[in-house]
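[1] Let's see this in three dimensions:
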Amino acid sequence: MIHAIAFAALAALLATLAPASAQQKPATPAPAAGAKLAEWPELRDVDKQKTRALIDQFRKPDTKLHEPAHKALVALGAGAAPIVMAQVADRTDGINTQLFAVLDAVLGKEHAALMARESKKPRVELRRHLARRLCCMGDKDLTPFFESMAKDADPETAFYAQLGAFALGKAAQLSGVLEHCKTNWPTAGPVVAEALASARSQELAMPVFETIASKGAVEQMTGLRLLRYLMVKEQGILLHRYLDDGQHTVKREAVNTARCLFGEAPIENLSVFQAIEQAKLWRAKV
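    Numbers count the residues shown, from 1 in each chain. Purely as a prediction, here's the structure:
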């Protein structure tokens, strides 16, 4: 009964806030496909009010209200993003998860410059989330932004910026990327895979090979994880020494680098025996 009343209240709210088009300012036309935006699409006043009311639904204890509110906010489009961002807070008991889900649904590459502009605001949680999204876009116009953000006081935000700049060819950011990935691979790994998806090249792989050549096992493991997405087949001979390495952890990562190079998924929990057998197979292939 309580759920039914809550849904009825939400439906009534949405109906009350439905735009009276005859008296409202027309919405901003949608941009041409692929065009980058210099300003946020403008919402009608009634839709701004609607956006705030829908965000309030995320604060209700009845979680069944969250999905319809999410869908309604997504339907409003990127014009609602500034209002959604304004509600992101630097605390753990807020509604950031729901707000970020809306932002992820409505923001794309055409909003990159606007997202970079919003990233300069002081809230750490917002800055971090936007930097993570931006580092995976492969937009060369963001290079100055990444190089500036690489000095951010928040280590995670700085890492995303360093990764974004490195993916765009700025090898000077490699040290920061390696250092973060060395101790944070379980969370950093998926972002690295996405950010470096289109960065595979001899030019970016070579600084990694050169950096880890004289390092210890942990640094070599980390570098090999980056090389999964960077090295090209012509550099296969450089991988041989790691496939032959006596340390299981290094050999395992070399195997996974070879697997990714040939379009196969890494196997993160290779046993010692499996790593030895696979290393022999891949050494003959790369």
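
[2] and the host helix or strand of Glu179, what does it pack onto?
    Assessed by DSSP states H and E, Glu179 sits inside helix 174-195. In terms of contacts (3 or more Cβ pairs under 8 Å, 6 or more residues apart in numbering; DSSP states H and E), helix 174-195 is packed against helix 124-135, helix 155-167, helix 202-212, helix 217-227. To be clear about C-beta, it is placed using only N, CA and C from the backbone, and glycine gets the same treatment.

[3] got the buried residues for it?
    174, 176-178, 180-181, 188, 191-192, 194-195 (16 or more other Cβ atoms under 10 Å).

[4] ok, now stretch 159-176?
    Buried-residue list, stretch 159-176, by 16+ other Cβ under 10 Å: 159-168, 170, 173-174, 176.

[5] Could you single out the nearest of the residues you listed to Arg241?
    Ranked by distance to Arg241 (Cβ to Cβ), the buried residues of stretch 159-176 are led by Leu174 at 19.7 Å.

[6] wait, what's in contact with that closest one?
    166, 207-208, 211 (Cβ atoms under 8 Å, 6 or more residues apart in numbering).

[7] go with 6 Å
    Leu174 is in contact with 166, 207, counting by Cβ atoms under 6 Å, 6 or more residues apart in numbering.

[8] Roughly how far does it sit from Thr211?
    6 Å (Cβ to Cβ, to the nearest Å).

[9] what bits of the stretch 1-150 of the chain have low per-residue confidence?
    Low-confidence segments of the stretch 1-150 of the chain (pLDDT under 70): 1-34.

[10] quick revisit: a markdown table for the buried residues of helix 174-195, including distance to Phe145 and pLDDT?
    Listed next are the buried residues of helix 174-195 as a markdown table, based on distance: Cβ to Cβ, whole Å; pLDDT from 0 to 100:
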| residue | distance to Phe145 | pLDDT |
| --- | --- | --- |
| Leu174 | 18 | 98 |
| Gly176 | 16 | 98 |
| Val177 | 17 | 98 |
| Leu178 | 22 | 98 |
| His180 | 18 | 98 |
| Cys181 | 21 | 98 |
| Ala188 | 20 | 98 |
| Val191 | 17 | 98 |
| Val192 | 19 | 98 |
| Glu194 | 18 | 97 |
| Ala195 | 14 | 98 |
